[in-house]
Structures are given as structure tokens and as C-alpha cells.
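>>> dropping a prediction and its sequence here:
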Amino acid sequence: MSQFRKRVIKTGNDNLRIDGSKKGWSLPQSYYKDPDIFELEKKAMIFNTWMFAGHASQIPNPGDYFLFNLLEESAIIIRSDDGSINAFYNVCAHRGSHICKEQSGNAKRLVCPYHAWGYDLEN
Ligand code: FES
């Protein structure tokens, strides 16, 4: 059991928790600064649910794309030639460079700016 989980287990008194926080009061400072708690929040809440990245109308034409950035992750949301919308990690398979640097644009093909590896819009 992680330190965080141990800290939030409630005591018998519903108004007082093991970490000293009180129900109805603001959280202790550590909840806002503790990297372990932030990692748990990312895993449990941020990367464990659907996120609104944007609207299909933002990319009406084949090759239109925009980036969706969330914390340290970046995704390319792009309309393919058949009209479907795909999402890819914005990471080159060669050496891990970001493939797209511009926040939005249009591309016939995605080309990594580092060593020019190319990617189709479909996969
Ligand atoms: S890092 Fe993308 S082509 Fe080398």
C-alpha cells in the first residue's frame, strides 16, 4: 500500500482523517506539492478517463491536424484521407523527437523534423 493510500484511510471519526485533515476543511499543503500524490492523481484521474481534445470541425479537410497536449504527453489529432480522425502520440519512433512542432496545420504526410522519418495519416 502506498504512503498516500495509508494517509487517506479514514479514522473511525468521519471528521478527522489519519493525515490530520478535517472533513470540510482544505487539504493539507502536502496534497498540493507531494509528487507521489500528483502521480496518483495523474494515474487515477487524468489519464484514466476520456479527455476532450477538440472538435471535429477544427479539422475539416484531409491532413488538417492539431496538437492535444496534456502534462508531458502530446498527441496529434489528424483527419486522414478517408475522412476518419486519428490520434497519434506526437513522438517519432526513431529517436523520440516530437513529430509536429506547430500547434495546428495541414500535412499530406507527417514528417519528423529531426531525421525526416515519414508517417502516413492512417497509421
Ligand atoms: S527522431 Fe525522428 S527521424 Fe530521427
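Sure thing, it's come through.

>>> need the residues of this protein near the ligand, please.
Within the chain, the positions near the ligand by Cβ under 6 Å from any ligand atom are 92, 94-95, 97, 112, 114-117. Using the backbone N, CA and C atoms, a C-beta is placed for each residue, glycine as well.

>>> mind splitting the chain into its structural domains?
3-46, 56-119 (automatic domain parsing).

>>> now the last one, how far from the centre of its chain.
I take that to be domain 56-119. 15 Å (Cα atoms, centre = their mean, to the nearest Å).

>>> that domain spans what distance, first to last residue?
With Cα to Cα, to the nearest Å as the measure, domain 56-119 spans 21 Å from end to end.

>>> next, the residue nearest to Asp81 when sequence neighbours are not counted: phi, psi?
Distances taken as Cβ to Cβ, 6 or more residues apart in numbering put Pro62 closest to Asp81, at 4.7 Å, once the chain neighbours are dropped. Main-chain torsions, Pro62, degrees, to the nearest 10: phi -50, psi 130.

>>> okay but Pro62 is in contact with Asn86, surely?
No: using Cβ atoms under 8 Å, Pro62 is not in contact with Asn86; the gap is 11.3 Å.

>>> overlap in contacts, the two.
Taking Cβ atoms under 8 Å, 6 or more residues apart in numbering as the criterion, Pro62 and Asn86 both touch 79-80, 121.

>>> what mean pLDDT does stretch 48-62 have?
Mean pLDDT, computed over stretch 48-62, is 95.

>>> run through who's touching that stretch.
Contacts of stretch 48-62 (Cβ under 8 Å, 6+ apart): 64-66, 68, 70, 75, 77-81, 83, 85, 87, 104, 106, 121.

>>> among the residues you listed, which ones are buried?
Neighbour-count burial (16 or more other Cβ atoms under 10 Å) applied to these gives 64-66, 68, 75, 77-79, 121.

>>> middle-most residue in this protein, spatially?
When the chain is reduced to its mean C-alpha position, the closest residue under Cα atoms, centre = their mean turns out to be Leu70, at 3.7 Å.

>>> now it. Nearest residue, chain neighbours left out?
Met51 (6.4 Å).

>>> tell me which element that neighbour falls in.
Per DSSP states H and E, Met51 falls between elements, in no helix or strand.
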